[in-house]
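Participant: Just to be clear, the model below is a prediction. Sequence and coordinates:
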Amino acid sequence: MDGAGNMRGVYKGMQALILKEAPKAIYIWCHAHRLNLVVAHVCGCKIEMKKAMGILDELYNFMNGVRRQGVFVKYQMRKSKKSLKRIKNTTRNWSSSYKSVEIFLDVYEHILASLVELKDSNDPSTSSIADGLLSRIKDENFILSLFILKEILKCTHEACIEMQAVGNDLALVTKLIQHTKNKLQKLKANGDSLFLKLHSLSNSFLKKNNVITDLYNMKSIFKLDQTEFNNYVEQKKNKYRTEIFFPVLNAIINHLNDRFNYDCLNFLSQISIFTPAGIMDNEKIEGWQISEICNTYQLDVQNIVDEYNDFRSLYLESQSIIFCEDLLKVKKNDAVYIDESIANDQITKENINSEIMTKIKKWIKFSFILPYRLLNQLNSYSNLNLLYKYLLTLPKTSCSAERAMSKVKINKTRMRNKISDPFLENLLLISSEIDVFEKFTIDDIITQFALTSIRLSKLLIK
């Protein structure tokens, strides 16, 4: 569930109502929502970042008109056409900030050309807004802010995409968050060199697009010699580094630690003991280490401790031969993260399948599935087997539930406003589980339909 008060309220929230009916249920705040709250925070923690995201949103609204969009598309004719992305002020639109920044930088030259043409429009409003946007997107601080945001949000983007996959469980999500924290800490450790690199990239980007910024106009306006001008540029760069870059980097790290502080969440820290990494790291466990999770599911602590300690040595010997080939299948609607190094014209079905396969192997490696597969082949660990069943059913995000609600909007259109509940349920089931539905042939469907009555069977089955 999400973190709204009406959902996580202890007394009258949704979790309180569910716990009355199912005492073993556990409230888990959707990890994708929490990660997106971190992204929203970093995009608004400094005025330069707010201005950058505001300009992108304003540009999207301006270019959304049919005629203006036509001008924009015209300048992309020789390359793959991309649409600008809206920055959504909500925790339900995953990765909209990162995608908006990435696409803007990819089509920057076409946006410049479009705004130059629209600036000469006969419509006063269009001409005025285009001229204002043109001057703002040429600002060196704006471009530098986008390069910084792209570099930082790239660390969270992969985790955000993988969290939306159907097969992941809580163990892998915890690993993804820790991996994201490590990447951000690495950026901070190399902060000075990273800033110089991004500053150089933004300057090269502006030169490549023949943009002369106001900074270089000041040299002639104030009649500065080269030494004075270089000192001014260096002071401005250092001010941006100390007042914008490092505070933004610290903000996302601190906010990520606040949102995903597993040391303070005893239950989640106890779950990590049962992951493959936890089994390999812990020699033996004691009752106090897993008391809360056992009490939650009404399991005997000592039985779990004895079975776990005995099972651990068996798992270490057998982990390399546990059968999991049936899990290595690529589904059509699996979420996938495509690495930026792959050019758009090189993104093929083979590349996508390879990325999905890598994601599935990562899930198998870090999730509860390997220990559970081994337990299913044994008969002497009934309590531990039951606990792993509970752990595998714990949801990590509410993405699947929200996708189901999106399917309702797609299927229940204005022309279908009077369909019956069973028919609507069937439509939702087909659209949600399209990979399963595609396994059926037309002949299978006709045969199943014919078996519903004797008359139909005589007509349809030969």
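Facilitator: Yep, it's here.
Participant: If you count neighbours, what's buried in the helix or strand containing Leu133?
Facilitator: When secondary structure is defined by DSSP states H and E, Leu133 falls within helix 124-136. Residues Thr126, Ile129, Ala130, Asp131, Leu133, Leu134 are the ones in helix 124-136 that count as buried (16 or more other C-beta atoms under 10 Å). Glycine gets a C-beta too; all of them are placed from N, C-alpha and C.
Participant: For the fourth one, give me the pLDDT.
Facilitator: Looking at Asp131, its pLDDT reads 90.
Participant: now it, nearest residue through space, not along the chain?
Facilitator: What sits nearest to Asp131 in space, not counting adjacent residues and going by C-beta to C-beta, 6 or more residues apart in numbering, is Lys119, at 4.8 Å.
Participant: what's the answer for the second one, then?
Facilitator: In space, and not counting its chain neighbours, Ile129 is closest to Phe62: 5.6 Å by C-beta to C-beta, 6+ apart.
Participant: so what does the helix holding Leu133 touch, helix or strand wise?
Facilitator: Under the contact definition 3 or more C-beta pairs under 8 Å, 6 or more residues apart in numbering; DSSP states H and E, helix 124-136 sits against helix 47-63, helix 108-119.
Participant: at 10 Å instead, please
Facilitator: Identification of packing neighbours for helix 124-136 by 3 or more C-beta pairs under 10 Å, 6 or more residues apart in numbering; DSSP states H and E yields helix 47-63, helix 66-74, helix 108-119.
Participant: May I have that helix exported as CSV, CA atoms only?
Facilitator: The C-alpha atoms that make up helix 124-136 are tabulated as CSV, following Å, rounded to 0.1, in the frame of the first residue of the first chain:
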residue,chain,number,x,y,z
PRO,A,124,1.6,37.0,-30.1
SER,A,125,1.2,34.5,-27.2
THR,A,126,3.1,31.8,-29.0
SER,A,127,5.8,34.2,-30.1
SER,A,128,6.3,35.6,-26.6
ILE,A,129,6.3,32.2,-24.8
ALA,A,130,8.7,30.7,-27.4
ASP,A,131,11.1,33.6,-27.0
GLY,A,132,11.1,33.3,-23.2
LEU,A,133,11.6,29.5,-23.3
LEU,A,134,14.4,29.9,-25.8
SER,A,135,16.4,32.2,-23.6
ARG,A,136,15.9,30.1,-20.5
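Participant: Off-centre distance for it?
Facilitator: With C-alpha atoms, centre = their mean, to the nearest Å as the basis, helix 124-136 stands 34 Å off its chain's centre.
Participant: swap in stretch 52-71?
Facilitator: 24 Å.
Participant: Likewise for stretch 96-106?
Facilitator: Per C-alpha atoms, centre = their mean, the centroid offset for stretch 96-106 relative to its chain is 14 Å.
Participant: go on, stretch 102-113?
Facilitator: Relative to its parent chain, stretch 102-113 has a centroid offset of 23 Å by C-alpha atoms, centre = their mean.
Participant: just the helices in the stretch 151-300 of the chain please.
Facilitator: Secondary structure of the stretch 151-300 of the chain (DSSP state H, counting those that start in this stretch): helices located at 170-189, 191-208, 214-221, 226-240, 246-259, 266-271, 276-281, 291-296.
Participant: Out of those, which gets the lowest mean score?
Facilitator: Ranked on mean pLDDT, the bottom entry among the helices of the stretch 151-300 of the chain is helix 214-221, at a mean of 60.
Participant: quick one: average pLDDT of whatever helix or strand Val101 lives in?
Facilitator: Per DSSP H and E, Val101 falls inside helix 96-106. Per-residue pLDDT over helix 96-106 has a mean of 86.
Participant: quick check: angle from it to helix 47-63?
Facilitator: 70 degrees (axes from the mean of the first three to the mean of the last three C-alpha atoms, to 10 degrees).
Participant: would you turn the buried residues of helix 124-136 into TSV with distance to Arg8?
Facilitator: TSV is the format used below for these (distance: C-beta to C-beta, whole Å):
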residue	distance to Arg8
Thr126	46
Ile129	42
Ala130	45
Asp131	48
Leu133	41
Leu134	46
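Participant: if we can go back for a sec, tell me which of the helices and strands packed on helix 124-136 sits nearest to Val436.
Facilitator: With C-beta to C-beta as the criterion, Val436 lies closest to helix 47-63 of those, at 36.6 Å.
Participant: Could you name the helices and strands sitting against that closest one?
Facilitator: For helix 47-63, the packing partners by 3+ C-beta pairs under 10 Å, 6+ apart are helix 31-43, helix 66-74, helix 96-106, helix 108-119, helix 124-136, helix 140-163, helix 246-259.
Participant: Format those helices as a markdown table; extra columns: distance to Lys439.
Facilitator: Shown next, in a markdown table, are these (distance: least, C-beta to C-beta, whole Å):
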| stretch | distance to Lys439 |
| --- | --- |
| helix 31-43 | 29 |
| helix 66-74 | 39 |
| helix 96-106 | 32 |
| helix 108-119 | 42 |
| helix 124-136 | 50 |
| helix 140-163 | 25 |
| helix 246-259 | 40 |
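Participant: coming back round to it: just send the helices and strands packed on helix 124-136 back as JSON lines, with mean neighbour count too.
Facilitator: Shown next, in JSON lines, are the helices and strands packed on helix 124-136 (neighbours: other C-beta atoms under 10 Å):
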{"stretch": "helix 47-63", "mean neighbour count": "18"}
{"stretch": "helix 66-74", "mean neighbour count": "14"}
{"stretch": "helix 108-119", "mean neighbour count": "19"}
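Participant: Reformat the ones you listed as TSV; add distance to Tyr315.
Facilitator: Formatted as TSV, those follow (distance: least, C-beta to C-beta, whole Å):
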stretch	distance to Tyr315
helix 47-63	47
helix 66-74	57
helix 108-119	52
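Participant: which stretch in those helices has the least confidence?
Facilitator: helix 66-74 (a mean of 84).
Participant: what's the angle between that one and helix 108-119?
Facilitator: In terms of direction (the same axes, to 10 degrees), helix 66-74 departs from helix 108-119 by 140 degrees.
Participant: Can you dump the C-alpha atoms of helix 66-74 in CSV for me?
Facilitator: C-alpha atoms of helix 66-74 as CSV (Å, rounded to 0.1, in the frame of the first residue of the first chain):
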residue,chain,number,x,y,z
VAL,A,66,-1.0,20.2,-32.4
ARG,A,67,0.6,22.9,-34.6
ARG,A,68,3.6,23.4,-32.2
GLN,A,69,4.0,19.6,-32.0
GLY,A,70,4.0,19.5,-35.8
VAL,A,71,6.9,21.9,-36.0
PHE,A,72,8.8,19.8,-33.4
VAL,A,73,8.2,16.6,-35.3
LYS,A,74,9.3,18.3,-38.6
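Participant: Need the contact partners of it.
Facilitator: By C-beta atoms under 10 Å, 6 or more residues apart in numbering, the list of residues contacting helix 66-74 from outside reads 62-65, 81-84, 107, 110-111, 113-118, 121, 123, 126, 129-130.
Participant: let's go with 8 Å and repeat that
Facilitator: Phe62, Met63, Lys81, Leu84, His110, Ile111, Ser114, Glu117, Leu118, Thr126 (C-beta atoms under 8 Å, 6 or more residues apart in numbering).
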